[in-house]
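Visitor: Quick one, fold the following:
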Amino acid sequence: MTGMMTRRRIAAMAAAGGAALLAACGAQSGGAGAGEGGAKTRKAVTLEFWSRMGAGAGRSYVETGEFEDKRLSVFMEKNAPVKVTRTVISNGDELLQKLTVGYVGGTGPDIFNIGSPGVAQLAAPGFVLPLDSYQRVKKEAGDFFQSGVSIGTFKQKLYGLTYYADMRIMLYRKDRLAEAGRPTDRKSLPKTWDKFAEAGRKIARWEGGQMTRFGFDVPRNDESFYLMMVKQLGKDLLNPEQTKANFDNAEGERALQTIVDFIHRDRIDSFERPAPPPNVTLLATDIAGSMFNNTQQIGNVAAAGINPADVLVTDFAPEFSGRETATGYLGGTWLMAGKQNKDVDATLDLLLFLTEPEQLTGVTTAFNAVPPRKSMDKSVTDPLLRPFYEAQDKGWSVPGHPKFSVLRVKIREVVLQAMRREKSVKEAVSEMAAFTTTTVNSA
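Guide: Residues are numbered from 1 along each chain as shown. Take a look at the predicted model:
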């Protein structure tokens with residue numbers, strides 16, 4: 001796969017953890033036990049690290065888990081007598097539940113990684129350590145994209161650093177664009193939703209009233225696509241005080257109407273459409289023109305025996321005005337430290353070690369993703385990956401509210417009902433907003 005990171009580099013990096021790597025680890029983490037006031041004697045503690053990276057969550061998670069094990073050996077060699085045990089809980093909901101139970105009972109881990117909705121859920125009850133209270137963490141946080149820092153923040157305090165940036169933007173099939181008479185270079189891709197719908201109509205194929213190719217795979221069961229559009233129109237899910245919905249308005253309706261129109265007016269997608277062969281990504285078939293998804297789709301195309309550079313082109317999500325205000329959706333995984341921990345200095349050392357460029361390079365390699373640090377700019381040279389990296393600068397992210405996981409389920413459900421015309425756009429937006437306001441004000 002030309003110009004792309006390969007999974008082989010994970011093992012190579014782990015094997016190359018010599019003096020330079022160890023020196024870099026010590027320089028960036030400040031040394032175990034260093035705290036905020038200089039070198040101290042390290043304590044013989046065994047830190048508990050709960051990770052969602054491992055068996056049961058897909059190849060990329062398994063490979064990241066294997067890489068974590070190798071890197072933890074490097075950390076323990078550098079920071080002896082500190083030891084680390086890693087426990088894998090790959091199911092996100094199970095991990096969140098066990099974290100909550102563990103911290104309530106005083107048995108939670110010293111450090112863990114969690115999906116974006118879990119940040120506020122664990123910060124709200126005071127289970128996690130406020131990281132910006134520590135200057136060495138605060139300094140490192142300045143190198144991360146602000147969109148990721150925002151996810152890791154709850155009520156103006158930083159609790160998590162980005163570990164894996166799951167950036168979602170647009171992926172197009174260049175050959176479908178060319179067939180439709182459209183240019184295939186990134187700068188010429190649609191920058192507005194109107195232009196996007198126009199291109200989608202030309203890519204889509206209908207035969208005898210049946211769709212044989214869709215111009216765009218309109219996201220189903222996905223609140224992020226709708227809420228990103230709301231953000232592009234200058235609104236958020238919640239008002240600044242997080243006391244009520246902020247999308248029960250013309251902007252909220254326009255965003256949802258645009259999605260509904262993709263299916264029923266523009267006919268660039270359909271609920272009755274061809275399906276790809278089992279275990280083959282849509283973009284590796286003749287039935288799809290474009291998708292809103294993450295970098296793993298590039299790897300999926302390669303897994304189908306197709307060179308992604310030959311058939312794909314990527315770019316930010318279009319916007320209503322063409323300005324770059326919400327370039328895509330940023331999800332992923334964040335590293336956090338328990339407020340209950342065996343040793344604060346050692347815990348912070350481990351957290352900083354796991355967010356170093358060397359570590360993040362291994363994670364992004366496994367996920368075929370992009371790093372969340374601004375200083376790693378020069379490492380992203382692949383033209384297909386570059387837009388995903390740049391999109392982080394203005395990526396839309398979930399609001400820091402502990403009940404977002406509940407809200408997202410309802411919004412997904414009602415957006416889909418509107419897409420199916422089981423509810424009008426106005427009814428759907430009103431229902432979602434009422435549920436949102438009631439939920440955020442409930443006990």
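Visitor: Test my guess that L354 contacts M336.
Guide: No. In this structure L354 lies outside contact range of M336 using C-beta atoms under 8 Å: 10.8 Å. Placement of C-beta: from N, CA and C, glycine included.
Visitor: pull the longest helix from the chain.
Guide: helix 59-78 (DSSP state H).
Visitor: Run the chain-centre distance for that helix.
Guide: 21 Å (C-alpha atoms, centre = their mean, to the nearest Å).
Visitor: By mean pLDDT, flag the weakest helix or strand of this structure.
Guide: One helix or strand of the chain scores below all others by mean pLDDT, DSSP states H and E: helix 19-29, with a mean of 37.
Visitor: residues in contact with the nearest residue to R267 once chain neighbours are set aside?
Guide: In space, and not counting its chain neighbours, R267 is closest to A204: 6.3 Å by C-beta to C-beta, 6 or more residues apart in numbering. Contacts for A204 (C-beta atoms under 8 Å, 6 or more residues apart in numbering) come out as 211, 213-215, 267-269, 289.
Visitor: does R168 count as helix, strand or coil?
Guide: With DSSP: H, G, I helix; E, B strand; the rest coil as the basis, R168 sits in strand.
Visitor: For the longest helix of the chain, list every residue counted as buried.
Guide: Buried residues in helix 59-78, counted by 16 or more other C-beta atoms under 10 Å: 60-69, 71-72, 74-76, 78.
Visitor: and what of stretch 405-425?
Guide: Neighbour-count burial for stretch 405-425, with 16+ other C-beta under 10 Å as criterion, is recorded at 405-408, 411-412, 414-419, 423, 425.
Visitor: if we can go back for a sec, find residues that contact each of L354 and M336.
Guide: With contacts defined as C-beta under 8 Å, 6+ apart, the residues shared by L354 and M336 are I111.
Visitor: For W206, list the residues it contacts.
Guide: Counted by C-beta under 8 Å, 6+ apart, W206 has contacts 212, 267.
Visitor: change it to 10 Å
Guide: The contact partners of W206, by C-beta atoms under 10 Å, 6 or more residues apart in numbering, come to 212-214, 267, 270.
Visitor: which stretches of the stretch 1-150 of the chain form helices?
Guide: 8-15, 19-29, 59-78, 92-104, 117-123, 135-141, 146-151 (DSSP state H, counting those that start in this stretch).
Visitor: per-residue confidence averaged over the third one?
Guide: Mean pLDDT, taken over the full extent of helix 59-78, equals 96.
Visitor: The fifth one now?
Guide: Confidence over helix 117-123 (mean pLDDT, whole number) is 95.
Visitor: buried sites along that helix?
Guide: Buried residues in helix 117-123 (16+ other C-beta under 10 Å): 117-123.
Visitor: hang on, the earlier thing: considering the buried residues of helix 59-78, which is situated nearest to N307?
Guide: S60 (20.1 Å; C-beta to C-beta).
Visitor: Need the nearest residue in space to the closest one, chain neighbours excluded.
Guide: F367 (4.5 Å).
Visitor: next one: D248
Guide: A433 (3.4 Å).
Visitor: Quick check: that neighbour vs A245, distance?
Guide: A433 is 4 Å from A245, where distance means C-beta to C-beta, to the nearest Å.
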